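S.K.: using only what follows, build the 3D model:
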Amino acid sequence: MKKTWFSAGQILLTLIVVVVAALVLWRIVNYYLFSPWTRDGRVRADVIQVAPDVGGLITSVQVADNQQVKQGEVLFVIDQARYTLALRLAQATLEQRQATLAQAKREYARNIGLGNLVAAETLEESRTRVDQGEAAAADAQVQVDTAKLNLQRTTIVSPVDGYLNDRAPRVGEYVSSGRAVLSVVDVHSFRVDGYFEETRLHGIHIGQPVDISVMGESRPLRGHVQSIVAAIEDRDRQPSPNLLPNVNPAFSWVRLAQRIPVRVALDEVPEDFRMIAGRTATVSVRTEARSDRRANRADGGASGAVATQPEMATSAPAASLGASQANSQAAGASQ
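M.R.: Predicted coordinates for the structure are as follows:
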């Protein structure tokens, strides 16, 4: 009898171990093959190239390499002597043309006052000189405004809040108009781009919460799916001069899943996190949150106002981002 119970216990234990192992194996396979996550993630940011609108020698540099700057803060100054002289010349030309216009107006007023003593042709010519003087004065005013603008553009300021690159300009360097001198990383544009395999896109939707693990960081970042790219490059089709399809005739039977960029907006960032564009990240989309939203939507189907709130949150990721950032900052201040 004891042997029978012992054998039954062994069989039951074996069955339990097999079931547990099967469940663990199923979860591992489901996670690694079907769950929407990827190790191919990057921290991204907008990099703005700063190019002067005028050329000249740099006379003053107000920033250093890798410095944090504010929008409107002076970066460097170009030699203003030539542009100051150009402004003075334009102002002198304006004064000369204004004087000529004033003389033409006096002559025209005098001819009108003489009445029939002045020929109609002479009166018409005096009126034409007034019109020409007004046009010449307006042209001179434009030249003055242009000279003022060029003089103002000799002071280069930061277009956004951000960080400079690792090579600020030096005093004495010559910069050309329209040629980038330095770049500024926009501090308000940081996000994470995850490059998901196309076989995992079925579990990714706009507004879903996302967990982001950056390499070298112990605490994860929180975000949500902001957008999914609408097109990627077709490497098997090249453009042709006659605008006809140029498809590669060689076809590889080993087909790898394409990588689709998915942009993730950041909601919660630790205060001590070092935000650097280009860092490697693992991006995991939380699918259970979507299931919870579906259940809440089904429960609130009777009340239209309650049912539309998840849709509003999904269609306005920017608003939820601002609210989440405000909550995280308040929590950090209270701590």
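S.K.: the stretch 51-200 of the chain: helices as residue ranges?
M.R.: Along the stretch 51-200 of the chain, the stretches classed as helices by DSSP state H, counting those that start in this stretch are 81-114, 120-152.
S.K.: show me where pLDDT drops low in this protein?
M.R.: Along the chain, the parts satisfying pLDDT under 70 run over 1-6, 29-34, 288-335.
S.K.: run the last query once more with 90
M.R.: Residues of the chain meeting the criterion pLDDT under 90: 1-37, 107-127, 165-168, 199-203, 218, 233-257, 271-272, 286-335.
S.K.: can you tell me how far the most centrally placed residue in it is from residue 163?
M.R.: Centroid-nearest residue in the chain, with Cα atoms, centre = their mean: residue 46, separated by 4.6 Å. From residue 46 across to residue 163, the span is 12 Å (Cβ to Cβ, to the nearest Å). C-betas here are computed from N, CA, C, even on glycine.
S.K.: check residue 108 too.
M.R.: Separation of residue 108 from residue 163 (Cβ to Cβ) stands at 62 Å.
S.K.: rewinding a little: distance to residue 201 and mean neighbour count added to the helices of the stretch 51-200 of the chain, as JSON lines?
M.R.: Listed next are the helices of the stretch 51-200 of the chain as JSON lines, based on distance: least, Cβ to Cβ, whole Å; neighbours: other Cβ atoms under 10 Å:
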{"stretch": "helix 81-114", "distance to residue 201": "55", "mean neighbour count": "15"}
{"stretch": "helix 120-152", "distance to residue 201": "49", "mean neighbour count": "15"}
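S.K.: out of those helices, which is closest to residue 230?
M.R.: Evaluated with Cβ to Cβ, the helices of the stretch 51-200 of the chain place helix 120-152 nearest to residue 230, the distance being 39.5 Å.
S.K.: so what secondary structure elements neighbour that closest one?
M.R.: helix 81-114 (3 or more Cβ pairs under 8 Å, 6 or more residues apart in numbering; DSSP states H and E).
S.K.: which strands or helices does the helix it packs on pack on?
M.R.: helix 120-152.
S.K.: what's the overlap in contacts for residue 46 and residue 163?
M.R.: Residues touching both residue 46 and residue 163 (Cβ atoms under 8 Å, 6 or more residues apart in numbering) are residue 185.
S.K.: stretch 212-219: end-to-end distance?
M.R.: 9 Å (Cα to Cα, to the nearest Å).
S.K.: quick one: contacts of it?
M.R.: By Cβ under 8 Å, 6+ apart, stretch 212-219 touches 41, 43, 192, 220-223, 264, 266, 270, 273, 279-284.
S.K.: strands paired with the lengthiest strand in the chain, and their directions?
M.R.: Of all the segments of type strand in the chain, defined by DSSP state E, the longest one is strand 259-268. Paired strands of strand 259-268, with direction, are strand 191-197 (antiparallel), strand 221-228 (antiparallel) (DSSP bridges).
S.K.: still on that earlier bit, of the contacts of stretch 212-219, just the buried ones, PyMOL syntax please.
M.R.: Of the contacts of stretch 212-219, the buried ones can be selected in PyMOL as follows, counting by 16 or more other Cβ atoms under 10 Å:
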select buried, resi 41+43+192+220+221+222+223+264+266+279+281+282+283+284
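S.K.: does residue 201 fall in a helix, a strand, or a coil region?
M.R.: helix (DSSP: H, G, I helix; E, B strand; the rest coil).
S.K.: just checking, it touches residue 260?
M.R.: Yes. Using Cβ atoms under 8 Å, residue 201 is in contact with residue 260, at 6.0 Å.
S.K.: between these two, what contacts are shared?
M.R.: Contact criterion Cβ under 8 Å, 6+ apart; residues bridging residue 201 and residue 260 by contacting each: residue 228.
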